[in-house]
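# Give me the fold of what follows.
(one chain, ligands or ions: 1)
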Amino acid sequence: MSIRKPSSALVLRSLLVPFLCVLATQADAQSTWTAGWATRGMVVSDCGLASEAGVSILESGGNAADAAAATAFALAVTFPAAGNIGGGGFALVHKADGGDAALDFREVAPNAAHRDLYLDEQGKVVNGLSTDTHLAAGIPGSVDGLLRLHEDHGSGLVDRAQVLAPAIRLARDGFPLSFWAAYVLNAYRGKLETDEAARRIFLRGDGQLWQPGDVLKQPDLADALERISQQGRDGFYKGVTAELWVEEMERGNGIATLEDLAGYDSKYRDPVRGEFRGYEILSMSPPSSGGILVLQLLEIMDGFPLEEWEWNSSSYVHAFAEACRRVYADRAEHLGDPDHWEVPVPGLLDPEYLEARMADMSLERATPSTAVSSGTPTPREPDETTHFSVVDKEGNVVSCTTTLNARFGSGIVVDGTGILLNNEMDDFSAKPGVPNLYGLVGNEANAIAAGKRMLSSMSPTIVLHDGHPRLVLGSPGGSRIITSVAQVILNHLVFEMPIAQAVAVPRVHAQWLPDRVYYEPFGMALDTRKRLEELGHELAEMEEIGRVNAIEVQPNGFYAGPDVRGGGASAGY
Ligand code: DON
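Residues are numbered from 1 along each chain as shown. Next comes the predicted model:
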């Protein structure tokens, strides 16, 4: 079997593998898998088994926050490339009673970190240090954040042990790999076999490639999850797991200490809010750049005759790319951890400011993104994050994105725990003007400092109408998260696509530097591309832009928008 990316049709077929196994092994399960519609509750994630774990919590009386925590812990097992307890993320909550919360469980830089951490004696960035080594890991936030989500926003009817039970079972008993899960493990074999502990877990014992339906068991991870189940945050940030984490650091010249782990604290932020065509958009605030940029893009695009231009016409893509250039330039200069840098949030979202930013745009020519190498490399390797969306029957919703940064993080497992080290430190600006994994550059605002959160693009978002949820969505994709989320909202609210279509249709992406417009295969007709080139845009095909998992809420039920670009699968009842 060669390592080949599965086509969407194969992905869809492969989703049946775990589905049939669930039916076979859990004859008593009450939930109904659904291709796209449910009335009482729904989870859409990157893995059917994890969606199912969330729905099982809804069925036993839990609410969307309980289900979100269960889904995330299950993803740590069934989607090790991105689902994680070794990384961090953001969760946006909208309560049926109208309350909102934005929970920031982003990783932080260890206390011994400093701005020149990745520079050699000549002041040059050392290749790979912020991505492939123990030094690449931020202090993980997922466990603290997910437990807080459950404790503060859960129903009170489902305890911690119940929330963790599906994940522990999946880790201990194993689960059948979907076609996509097998593909991802096989595709990253080279990375995973360089670390002994990762090799033991993520490569088949007989040296062969994984096949769909093969069972992956993770007993060390099951034990680590069990400690969280029994002791809460202390079962991760103190005791056995923390000690193993620090031992791993000592083995690999990392700098994280027991004090760093014990001191981790997730935080509440004020969600950013905007208005778009009568809908309220709620999204993630700094230390993510995501929410601000999504709102900026929507506000700017609202100034153009979008319906007249039509979806993905050359005028539409031109305007979108021009808007992207400007908002990503803002990102590089103004955005960082708000506890370390004053982010001018209202100013960045001011419609007059945005109008002024677009004033020099011409419909007849592309504006070149200033200076710096147009030869900036495109992302060196596919990367990984995971987004899931949850709704419950009361109308509570959770939009949650978590990440290890690159696929399988640094590829290093904390020996004895089954937990992958994130390589989130690469999201800092290692040096002004030097691009990270996603080609993003940054400045002082996102320089490395002890205890600081690295700037993110993750954009868990909720769209409300008259105070009621209409869309719950988000995406992985590094810098492409922002453009993916903005396009799905435009597809749905402007071009009136049902959510499944709004998610599936090809997307485009641009980001100031590199000065290039990317498009997915089948995304733009040849004459559209020619017109964009005439306007002065450099174009490049990109295999995949984002992987959005969304839910559309309508009076008659919940409609799923899982992304066929990966293993996206909905479960509902
Ligand atoms: O926080 C961020 O913006 C990145 N670490 C996210 C990485 C990501 O989305 C990779 N996914 N495909």
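# tally of neighbours for the residue of the stretch 51-200 of the chain found nearest the ligand?
Among all residues of the stretch 51-200 of the chain, residue 82 sits closest to the ligand, at 6.8 Å; criterion: C-beta to the nearest ligand atom. C-beta: built from backbone N, CA, C; applies to glycine. Neighbours of residue 82 under the rule other C-beta atoms under 10 Å: 30.
# Report the separation between it and residue 401.
Applying C-beta to C-beta, to the nearest Å, the value for residue 82 to residue 401 is 10 Å.
# Ramachandran coordinates for the residue of the stretch 51-200 of the chain closest to the ligand?
Main-chain dihedrals, residue 82, degrees, to the nearest 10: phi -140, psi -40.
# just checking, it touches residue 402?
Yes. Applying C-beta atoms under 8 Å, one finds residue 82 in contact with residue 402, separated by 7.3 Å.
# Mutual contacts of these two, please.
Common neighbours of residue 82 and residue 402, counting by C-beta atoms under 8 Å, 6 or more residues apart in numbering, are 75, 385-386.
# What about these, which one has the most neighbours?
Among those, residue 386 has the most neighbours (other C-beta under 10 Å), with 32 neighbours.
# And that one, what's its pLDDT?
Looking at residue 386, its pLDDT is 96.
# Doesn't it lie inside a strand?
Yes. Under DSSP: H, G, I helix; E, B strand; the rest coil, residue 386 sits within a strand.
# How about it: which residues does it bridge to?
Taking DSSP bridges, one finds residue 402 as the beta-bridge partners of residue 386.
# Surely it and residue 78 touch.
No. Contact criterion C-beta under 8 Å: residue 386 and residue 78 do not qualify, at 10.2 Å.
# got the residues of this protein near the ligand?
Within the chain, the residues that sit near the ligand (C-beta under 6 Å from any ligand atom) are 383-385, 403, 405, 424, 427, 456-458, 476-478, 481.
# Which members of these are positioned in helices?
Among these, DSSP state H puts residue 481 in helices.
# what's the closest of the residues of the chain next to the ligand to residue 159?
Here the nearest of the residues of the chain next to the ligand to residue 159, counting by C-beta to C-beta, is residue 403; it sits at 27.3 Å.
# Just give the nearest non-adjacent residue to that closest one, would you?
Nearest residue to residue 403, sequence neighbours excluded (C-beta to C-beta, 6 or more residues apart in numbering): residue 385, at 3.7 Å.
# Give me the distance between the one you found and residue 415.
From residue 385 to residue 415 the distance is 25 Å (C-beta to C-beta).
# same question, residue 384
22 Å.
# More neighbours: which of those two?
A side-by-side neighbour count of residue 384 and residue 415, using other C-beta under 10 Å, places residue 384 first with 27 against 18.
# Name the helix or strand for the nearest residue to residue 274 once chain neighbours are set aside, please.
Ranked by C-beta to C-beta, 6+ apart and with sequence neighbours excluded, the top spatial neighbour of residue 274 is residue 295, at 3.8 Å. Residue 295 belongs to helix 290-301 when assigned by DSSP states H and E.
# Could you give the separation of the next helix or strand after that helix from the chain centroid?
From helix 290-301 onward toward the C-terminus, using DSSP H and E, the following helix or strand is helix 306-309. Taking C-alpha atoms, centre = their mean, to the nearest Å, one finds the center of helix 306-309 at 30 Å from the center of the full chain.
# one step back: can you verify my assumption that the residue nearest to residue 274 contacts residue 283?
Yes. With contact defined as C-beta under 8 Å, residue 295 reaches residue 283; the gap is 6.5 Å.
# Give the residues shared as contacts by those two.
Contact criterion C-beta under 8 Å, 6+ apart; residues shared by residue 295 and residue 283: 272-274.
# Ignoring the adjacent residues along the chain, who's closest to residue 307?
residue 494 (6.6 Å).
# residue contacts, the one you found?
The neighbours of residue 494, taking C-beta under 8 Å, 6+ apart as the test, are 277, 301, 306-307.
# State the number of residues packed around residue 106.
33.
# quick revisit: more neighbours, residue 295 and residue 283?
Taking neighbours as other C-beta under 10 Å, residue 295 and residue 283 compare with residue 283 leading, 31 against 26.
# Look up the pLDDT of the nearest residue to that one once chain neighbours are set aside for me, please.
Distances taken as C-beta to C-beta, 6+ apart place residue 291 nearest to residue 283, at 3.1 Å, with adjacent residues excluded. pLDDT, residue 291: 98.
# Residue 336 versus residue 291, what's the distance?
Going from residue 291 to residue 336 by C-beta to C-beta gives 14 Å.
# One more: residue 176?
Counting by C-beta to C-beta - residue 176 and residue 336 are separated by 43 Å.
# and what of residue 106?
12 Å.
# who touches both of those two?
Listed as contacting both residue 106 and residue 336 by C-beta under 8 Å, 6+ apart are residue 287.
# pretty sure residue 67 is touching residue 42, no?
No. Using C-beta under 8 Å, residue 67 makes no contact with residue 42, being 9.4 Å away.
# Find residues that contact each of the two.
With C-beta under 8 Å, 6+ apart, residue 67 and residue 42 have common neighbours 55, 390.
# Report the residue ranges of every domain in the protein.
Residue ranges for the domains of the chain, per automatic domain parsing: 49-264+391-446, 269-384+459-572.
# Would you mind finding the most buried of the ones you listed?
Highest mean neighbour count among the domains of the chain (mean count of other C-beta atoms under 10 Å): domain 49-264+391-446, with a mean of 22.
# average model confidence for it?
The average pLDDT within domain 49-264+391-446 is 97.
# and the residue of the stretch 51-200 of the chain closest to the ligand, what does it touch?
The neighbours of residue 82, taking C-beta under 8 Å, 6+ apart as the test, are 46, 75, 384-386, 402-404, 407, 476.
# How about residue 443?
Residues in contact with residue 443 (C-beta under 8 Å, 6+ apart) are 332-333, 429, 432-433.
# Now intersect the residues you listed with the helices, please.
332-333.
# want to try JSON lines for the contacts of residue 443, with distance to residue 411 as columns?
Below are these laid out as JSON lines (distance: C-beta to C-beta, whole Å):
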{"residue": "332", "distance to residue 411": "28"}
{"residue": "333", "distance to residue 411": "32"}
{"residue": "429", "distance to residue 411": "23"}
{"residue": "432", "distance to residue 411": "28"}
{"residue": "433", "distance to residue 411": "27"}
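# mind listing what residue 319 touches?
By C-beta under 8 Å, 6+ apart, residue 319 lies in contact with 300-301, 304, 309, 361, 363.
# Need the worst-confidence member of these.
Across the contacts of residue 319, the smallest pLDDT goes to residue 361, namely 91.
# With adjacent residues omitted, what lies nearest to that residue?
Among residues not flanking residue 361 along the chain, residue 322 sits closest, at 4.8 Å (C-beta to C-beta, 6+ apart).
# so the one you found sits right up against residue 367, yeah?
Yes. With contact taken as C-beta under 8 Å, residue 322 and residue 367 are classed as touching, separated by 6.1 Å.
# Find the closest residue to the ligand in the stretch 301-450 of the chain.
Closest point on the stretch 301-450 of the chain to the ligand, by C-beta to the nearest ligand atom, is residue 385, at 3.1 Å.
# ok so, going back, quick one: which of the shared contacts of residue 295 and residue 283 is nearest the ligand?
residue 272 (15.6 Å).
# Distance-wise, check the residue nearest to that closest one when sequence neighbours are not counted relative to residue 270.
Spatially, and ignoring its direct neighbours in sequence, residue 272 is nearest to residue 291 (4.0 Å; C-beta to C-beta, 6+ apart). Distance from residue 291 to residue 270, counting by C-beta to C-beta: 10 Å.
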